[in-house]
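> After the sequence you'll find the predicted model.
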Amino acid sequence: MRSARLLGLCTVLALAIVIAWVWPRLSAVRDARSDSAGPATSSAIELAQAPATTGREPTQTSPPTATPLETELVLLDSRGQPLNAAQVVVWRDEMVLATATADDEGRTRVRSFGGTVEAVVAAQDRFPWRANFEASVGTHVLQAPEVPFVRGVAVHATTGLPAPMDLDLAFDRAPDALHDLPEQVTAALPASSLECRRRNVLVREDGTFEFAAPSGALPATLHLPVRSLLVDVHPQSVGHDTRDLRITEPLTDLRLVVFALPSIEGRVVTVDGAPVLDADVQMELEFVSPDDPSLAWQLRGSAPDFPQRDGTFHAWCGNPPAGRRHADLPKLLDPRALRRVHFDIARAGRLAGTKVTVERAAMIDTWNVGDLRLDALRRIEFVARSLDGTPIDGAVAADLSAGTPSGEDGHGWIVVDEGVTHVEVGKLGWRPVRVPLRVDSASPLEVVLEPDNVLTCVVRSQTGELRPGVQVRLKSGARPFEREDWRHTSACLGATGASQLRRARQFDDGSFEVGAQTDDRGCVAFGGLTSGIALRIDVLGPTGEPLARATTRVGVDERASVELRLVGDVTFRGRVVDEEGAPLADAFVLLRDTDGGSCGAAPSDFRGRFEIPDLVPGRATVEVQRVGFERYTENGMDLTAEALIRLRTEPAFRARGR
């Protein structure tokens, strides 16, 4: 009897414990079902006068829930068109709740715990904008606000015809939507959306142009291209100078009267008609008034770039002389008044130039002077072969940019100044040779090259990807002078297989130094190295700091290779889980350096995983936040090791779930 009573008492006690544990959870499930049983809400957020566009907190907020909710967002522009690939960041109380990217229909989904939240939307080629909405089960439409525009037309001063061109626009400050954003939200936005103060404005073929001027971004400066001058502006109240226009308010009737500076076209050739590719062209245009011969003036100009492959150059006219207004330029550059053009042509890196004067009658047309023949330059042909007579493709002359490398038949040519008696020809992997010039010879120079050593450097990231466009510096140790000539270095230019012969910088102790960038395969090659000496290879960062280093030696006719891995390409990876080990999505992970500044951030995905790339090896402070969980902070975490971050539920949410 006593055993039966004891068994019954234990049974009642067990049932009481089960009911006490199950009942709160059944109530939470019933409440969640009742909340989700209501109809899905669909609301369009009007942003033109919304408090969120000014960065202020919403005046009325709804409390969050204990159950995660999934909300569908539809992102539209001000005309109602979907914003595909737009990125949205949702936050509350300076804590990022979710980040998402819209599909082709502008739709995306975010998870939160309900209540009133804020969002910032960044779309390609558009200014970011903000909105508030009630996070709930259903669909919300976030439509961009109407933004004021600046509209105008650009015409030529001489003809009145449309003047298509590219204008540069620079706003004084960021729009209001980016003001007062929490640091975590800023870190979660794409960098391109934050760098929105500079824009390119296209003047169309009909001369019209327009650009958005969101609230808070004006004033702005509109900058004309370097070869156009601003003659007049309507309305007259708009401030401007010769190239810059100051916009202080939205305008719809802006009119720009511009003058396009003409260019003198021609070809720079040698006495035998070969193109000169390294010519520095300066000019002075001489004008005489057709109505009054006593009135004369001069304008200077220059060619901003070296001539093209056929020797063609374009020298642009400069500003008017002192005391003249830019409004007088149409008269100053009257083609009927042009009498002659004086040229001063020098080769790159040389002080002495050649002066050539072309009369108006000798010009092909108004702005084309034809061929400018430089008697002091001549073309020298050469043929490069190996010791067994095989033609060598890609051989070039040292420090002579005018000319062509040898082709498959070994033939090439170079342009030399009068008085040059020797020329150096070589190629990567072939020892350069110094050849005397024969002025009276009609046959090409015979250049015989011997094989030489080659050091190929391959640059990879920490994860093994090839890194193109990285600066590599090669420096030798001190050595005694073996001979008076300098060492040679050639840098591989990539898939074309062409090579460029360069001089290394020589120091008093006999060491040398040379640098080159890696090609599209992450490679750079050096040749003509002294055999047996110590070589130090540095991969340099943007500010010159070494990111990788190696040392080696190269033997006679040796083909050596060195692989370098960058030390500044660490990716911090890890997982965020709850107390029971379940993955947590939309947890925001922030890294801080020793000075407390942010050095990277990323949200966790549905598996709880996150990645923060492009970090320097070392240790940093890790901060993790997620709604419903306590803030996680750990100092001195190793960035090279994978992290496992376990978050604890906040007491308020823990009590609500019981």
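That came in fine, so what should we check first?
> burial of the closest residue to Glu72 other than its chain neighbours, as a residue count?
Once flanking residues are discounted, Glu72 sits nearest to Thr139: 4.5 Å by CB to CB, 6 or more residues apart in numbering. For the C-beta atoms, the positions are set from N, CA and C on the backbone; glycine is no exception. As a burial measure, Thr139 scores 15 neighbours (other CB atoms under 10 Å).
> before we move on, what about Val415?
When neighbours are counted by other CB under 10 Å, Val415 registers 26.
> just use 28 as the starting number from now, easier for me
All set: I'll call the first residue 28, so the last point we hit is now Val442.
> What about Leu359? Give its phi and psi, please.
phi -70, psi -30 (degrees, to the nearest 10).
> pretty sure it is touching Trp324, no?
Yes: under the criterion of CB atoms under 8 Å, Leu359 makes contact with Trp324 at 6.4 Å.
> quick one: which of those two has more around it?
Legend: neighbour count by other CB under 10 Å for Leu359 and Trp324, higher for Leu359 (19 against 16).
> For Asp620, see how far away that one is.
Separation of Leu359 from Asp620 (CB to CB, to the nearest Å) stands at 57 Å.
> and if you look at Arg673?
Counting by CB to CB, the gap from Arg673 to Asp620 is 24 Å.
> Then Asn159?
33 Å.
> Kindly report the same for Gly645.
Applying CB to CB to Gly645 and Asp620 gives a distance of 9 Å.
> Geometric centre of the chain: which residue is closest?
Ser219 (10.1 Å; CA atoms, centre = their mean).
> That one - that's part of a helix, no?
Yes: when DSSP: H, G, I helix; E, B strand; the rest coil is applied, Ser219 is found to be in a helix.
> Now do the contacts for Phe117.
Just to correct that, residue 117 is Val rather than Phe. The contact partners of Val117, taken as CB atoms under 8 Å, 6 or more residues apart in numbering, are 123-127, 137, 139, 144-146, 162.
> The residues you listed in helices, which ones?
Counted as lying in helices by DSSP state H, out of the contacts of Val117, is not a single one.
> For these, point out the one with the lowest pLDDT.
Taking the contacts of Val117 together, the minimum pLDDT is found at Ser139 (77).
> which one is that one nearest to, not counting chain neighbours?
Nearest-residue entry for Ser139: Ala162, 4.3 Å, with adjacent residues in sequence omitted and distances by CB to CB, 6+ apart.
> measure that neighbour to Glu386 for me?
79 Å.
> between these two, which one's more packed in?
Ala162 (27 against 11).
> Quick check: that one touching Arg136?
No: using CB under 8 Å as the test, Ala162 is too far from Arg136 to be in contact (11.4 Å).
> any residues in contact with both of these two?
Listed as contacting both Ala162 and Arg136 by CB under 8 Å, 6+ apart are Thr98.
> residues touching the closest residue to Gln498 other than its chain neighbours, list them.
Distances taken as CB to CB, 6+ apart place Leu567 nearest to Gln498, at 4.5 Å, with adjacent residues excluded. By CB under 8 Å, 6+ apart, the contact list for Leu567 reads 497-500, 542, 573-574.
> tell me the phi and psi of Leu216?
phi -80, psi 150.
> Gln211: which element?
helix 210-215 (DSSP states H and E).
> go on, Asp398?
According to DSSP H and E, Asp398 maps onto strand 395-401.
> Now do that strand: distance to the chain's middle.
Its chain's C-alpha centre and that of strand 395-401 lie 39 Å apart, by CA atoms, centre = their mean, to the nearest Å.
> Could I get the average pLDDT for that strand?
Averaging pLDDT along strand 395-401 yields 89.
> Please export the C-alpha coordinates of the helix or strand that that strand is followed by as PDB.
Per DSSP H and E, the first helix or strand lying C-terminal to strand 395-401 is strand 404-412. Only the C-alpha atoms of strand 404-412 are listed here, as PDB (Å, rounded to 0.1, in the frame of the first residue of the first chain):
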ATOM      1  CA  LEU A 404      66.600  62.000 -86.700                       C
ATOM      2  CA  ARG A 405      67.000  58.900 -88.900                       C
ATOM      3  CA  ARG A 406      65.700  55.400 -88.900                       C
ATOM      4  CA  ILE A 407      68.000  52.500 -88.400                       C
ATOM      5  CA  GLU A 408      66.900  49.000 -89.300                       C
ATOM      6  CA  PHE A 409      68.300  45.900 -87.600                       C
ATOM      7  CA  VAL A 410      67.900  42.100 -87.700                       C
ATOM      8  CA  ALA A 411      68.300  40.100 -84.500                       C
ATOM      9  CA  ARG A 412      69.500  36.500 -84.600                       C
END
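> quick one: Ser105 and Pro172 touch, right?
Yes: between Ser105 and Pro172 a contact is recorded at 6.4 Å, counting by CB under 8 Å.
> From Val604, how far out is Val651?
In terms of CB to CB, Val651 sits 11 Å off from Val604.
> okay, and the common contacts of these two?
Jointly contacting Val651 and Val604 under the rule CB under 8 Å, 6+ apart are 672, 674.
> Which one of the two is surrounded by more residues?
Val651 (23 against 18).
> in its sheet, what does whichever strand or helix holds the more buried one sit against?
Assessed by DSSP H and E, Val651 sits inside strand 646-652. Here strand 646-652 is paired, per DSSP bridges, with strand 615-619 (antiparallel), strand 659-665 (antiparallel).
> For the residue nearest to Glu99, pull up the helix or strand it's in.
With DSSP H and E as criterion, Thr166 is part of strand 165-170.
> quick one on the thing from earlier: mind checking which of Asn159 and Asp620 has more residues around it?
Between Asn159 and Asp620, Asn159 has the larger neighbour count (other CB under 10 Å), namely 21 against 15.
> Just grab the bridge partners of the more buried one for me.
Beta-bridge partners of Asn159, counted by DSSP bridges, are Glu145.
> need the contact list for Arg658.
Residues near Arg658 by CB under 8 Å, 6+ apart: 650-652.
> Looking at those, spot the one nearest Thr98.
Gln652 (19.6 Å; CB to CB).
> Could you count how many residues lie near that closest one?
21.
> which ones are touching it?
Taking CB under 8 Å, 6+ apart, one finds 122-123, 211, 614-615, 617, 658-659 in contact with Gln652.
> and stretch 225-245, which residues are buried?
226, 228, 230, 234, 236, 238-245 (16 or more other CB atoms under 10 Å).
> actually stretch 305-323, sorry about that
Within stretch 305-323, the residues that count as buried by 16+ other CB under 10 Å are 305-315.
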